[in-house]
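A.B. asks: this one's sequence-less:
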């Protein structure tokens, strides 16, 4: 794994997600964002299904050329980070169209680590978090992780859309939420 030294998640963050993926049999794992950690997730979940969602066409092509076995789907975000409070008044504006029927599938584990959300002009992660909440709510059991929760928008949207009552723990910048069967969706 020649990209391992460029993974941005810490070892503890990786271990937290790894433990949950391993708790499922043949996990269905959805990752918002493709990155240096993608080969790690693919290898870890080799018995299951791992799908990556990416909005940056150039980065998608770069990673796909280097690791062709990854299933990467192109998505398009229509939000702007600086308008995040506006979207809270009408969360339906955060609906994200997923390709190839991915929104009709039950996911066991979802990682929100994209799109870019560190400065104004970026899409921000409001759509990813909102979409993760809708996907998790239609599954029986689903664990959702949101990275970069040191940032106000990620933290606020994760608690709002995933639910403070579903919060499990925070490891570094990674927050874990757990959806259980028959638990109402927001």
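C.D. replies: Yes, it's here. Owing to the predicted nature of the structure, the values given are computational and were not obtained by experimental measurement.

A.B. asks: where does the chain have its least confident helix or strand?
C.D. replies: Sorting the helices and strands of the chain by mean pLDDT, DSSP states H and E puts helix 84-89 at the bottom, at a mean of 92.

A.B. asks: Any idea how far it is from the middle of the chain?
C.D. replies: With Cα atoms, centre = their mean, to the nearest Å as the basis, the distance from the averaged C-alpha position of helix 84-89 to the chain average is 20 Å.

A.B. asks: try stretch 119-128
C.D. replies: Chain-centre distance of stretch 119-128: 13 Å, with Cα atoms, centre = their mean.

A.B. asks: And it, end to end?
C.D. replies: 16 Å (Cα to Cα, to the nearest Å).

A.B. asks: Which positions within that stretch qualify as buried?
C.D. replies: Neighbour-count burial for stretch 119-128 flags 123, 124, 125, 126, 127, 128 (criterion: 16 or more other Cβ atoms under 10 Å). C-beta coordinates here come from the backbone N, C-alpha and C atoms, glycine included.

A.B. asks: do the same with stretch 35-54
C.D. replies: Using 16+ other Cβ under 10 Å as the test for burial, stretch 35-54 gives 35-42, 44-45, 48, 50-54.

A.B. asks: Could you tell me which of those residues belong to strands?
C.D. replies: Filtering those for membership in strands, criterion DSSP state E, returns 50, 51, 52, 53, 54.

A.B. asks: Which of the residues you listed sits closest to residue 139?
C.D. replies: Within those, proximity to residue 139 (Cβ to Cβ) peaks at residue 51, which comes in at 14.2 Å.

A.B. asks: And that closest one, how close does it get to residue 169?
C.D. replies: Going from residue 51 to residue 169 by Cβ to Cβ, to the nearest Å gives 25 Å.

A.B. asks: And residue 55, by the same measure?
C.D. replies: Here the criterion is Cβ to Cβ. By it, residue 55 lies 28 Å from residue 169.

A.B. asks: neighbour count winner among those two?
C.D. replies: Comparing residue 55 with residue 169 by neighbour count (other Cβ atoms under 10 Å), the higher total belongs to residue 55, at 19 against 10.

A.B. asks: Leaving out sequence neighbours, find the closest residue to the more buried one.
C.D. replies: Spatial nearest neighbour of residue 55, excluding adjacent residues (Cβ to Cβ, 6 or more residues apart in numbering): residue 115 at 4.9 Å.
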